[in-house]
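Student: show me the folded form of this:
(one chain, ligands or ions: 1)
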Amino acid sequence: MKTQERPQTSADAAATDDPPDDAALVVEGLSKRFASGDAAVTAVDDVSFSVGRGSVVGLLGPNGAGKTTTIKAILGMVLPDAGSVRIDGIDVYEQPSAAYANVDAMLEGARNDYWRLTVRENLRYFATIGGVDPDSVADRHERLLDQLDLAEKADEAVRDLSRGMKQKVSLASVLATDADVVFLDEPTLGLDVESSLTLRRELRRIVDERALTVVLCSHDMDVIEAVCDRVVIMNDGRVIADDTVERLLSGDGTQRFAVASSDIDEALLARIRDGFEVTEVTTDGERTRVEVATDSEGFYDLADQLRAADVALDSVNTARPDLEDVFLGLTDEGEGRR
Ligand SMILES: Nc1ncnc2c1ncn2[C@@H]1O[C@H](COP(=O)(O)OP(=O)(O)OP(=O)(O)O)[C@@H](O)[C@H]1O
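Tutor: Sure, this is the predicted structure:
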């Protein structure tokens, strides 16, 4: 197993059409259909993206978007109908042993930790089967136990731990090896808020310290926003967005503006809906608060309309969209909420 130092790559370079020269992962034209005839499902449809060395890419999408099938195809657990996957420049279908030599994965929120072994024994076990002498990485293991708040439980059998603790052991087991390309599917599944925050912070720190290349699947937008440099959004088997978190958040200048007043009645609300994308309406019985997604010019138009209707505004607020807003705007998931 190789352990060479790897240079950091700017996430921006990875968010272009051509894979960067030093891409750790390049997926090209990946497609996978399940079943045939009426029952046929196109799970992955001509998916291409790349991940620069030392960067963290989030794979996002609603249920059934094709994320898991994509990851399984990358890992050789599902054979695609078309497309290629290269890890460190090596074709995974032609030379699987060489391509996966530095790869590890935590799929569907867990991996097969040995429940009869203690936490520390699991880390040593997975280091060993990953081809690393566990004594040579003992310091790393101690640090991982500390970073993921597992030190106190290090000598307890995994079967006696809570679900959240088991989840953290799974992650620690993946990070216990020398793998430098890591796939994490729902790593915060089942964690309480505090553990999720710890994991988020420490995962980013570990990634930076070891220049890991990570593909992270999660429904937890806060995790994606905190940990990822770049996001690939899938819908119906296709990639519908591939950009840095920063650029996705700055978007097209659209912001959320919320106005609140006791003068907003149903008729006025209907007129606002006609002219603007209303994202939320709430009322406390007296005041109605209307949130619209628009740019600053649109907001001046809204202000003019309210003034013309003699509306006395109680408050005006702006909010920067978060990744969840961007995601909902790009996928069908937003439809039911408007
Ligand atoms: N083995 C299979 N046989 C038949 N259809 C499958 C199989 N695996 C996945 N699919 C279908 O392929 C589509 C994509 O599924 P996939 O699990 O890749 O989506 P996902 O984005 O990971 O969803 P989730 O977020 O719910 O895990 C879905 O319609 C799913 O039902």
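
Student: Ile224 contacts Val56, doesn't it?
Tutor: No: applying C-beta atoms under 8 Å as the test, Ile224 and Val56 come out as separate, 9.3 Å apart. In this view, the C-beta of every residue, glycine as well, is placed from N, C-alpha and C.

Student: any common contacting residues for those two?
Tutor: Residues touching both Ile224 and Val56 (C-beta atoms under 8 Å, 6 or more residues apart in numbering) are Leu216.

Student: OK, contacts around the residue most central in space within the chain?
Tutor: In the chain, the residue lying closest to the centroid (C-alpha atoms, centre = their mean) is Gly58, at 3.3 Å. Gly58 makes contact with 216-218, 224, 227-228, 230-232, 245 under the criterion C-beta under 8 Å, 6+ apart.

Student: can you dump the C-alpha coordinates of the helix or strand encompassing it into CSV?
Tutor: In this structure, Gly58 sits in strand 56-60 according to DSSP states H and E. Output of strand 56-60 as CSV, limited to C-alpha atoms (Å, rounded to 0.1, in the frame of the first residue of the first chain):
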residue,chain,number,x,y,z
VAL,A,56,-14.1,16.5,-0.5
VAL,A,57,-17.0,16.1,-2.8
GLY,A,58,-20.5,15.7,-1.6
LEU,A,59,-22.9,13.5,-3.7
LEU,A,60,-26.4,14.8,-3.1
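
Student: can you tell me the strand partners of it and which way each runs?
Tutor: Applying DSSP bridges to the sheet, strand 56-60 is found paired with strand 213-217 (parallel), strand 230-235 (parallel).

Student: does the ligand sit close to it?
Tutor: No: Strand 56-60 is not in contact with the ligand by C-beta under 6 Å from any ligand atom; minimum separation 8.3 Å.

Student: distance between that strand and the chain's centre?
Tutor: 4 Å (C-alpha atoms, centre = their mean, to the nearest Å).

Student: could you do stretch 23-43 as well?
Tutor: On C-alpha atoms, centre = their mean, the centre of stretch 23-43 falls 20 Å from the chain's centre.

Student: buried residues, that stretch. List them.
Tutor: 23-27, 30-33, 42-43 (16 or more other C-beta atoms under 10 Å).

Student: and those residues, which is closest to Arg273?
Tutor: Distance ranking of the buried residues of stretch 23-43 against Arg273, using C-beta to C-beta, places Thr42 first at 35.4 Å.

Student: measure the closest one to the ligand for me?
Tutor: Separation of Thr42 from the ligand (C-beta to the nearest ligand atom, to the nearest Å) stands at 8 Å.
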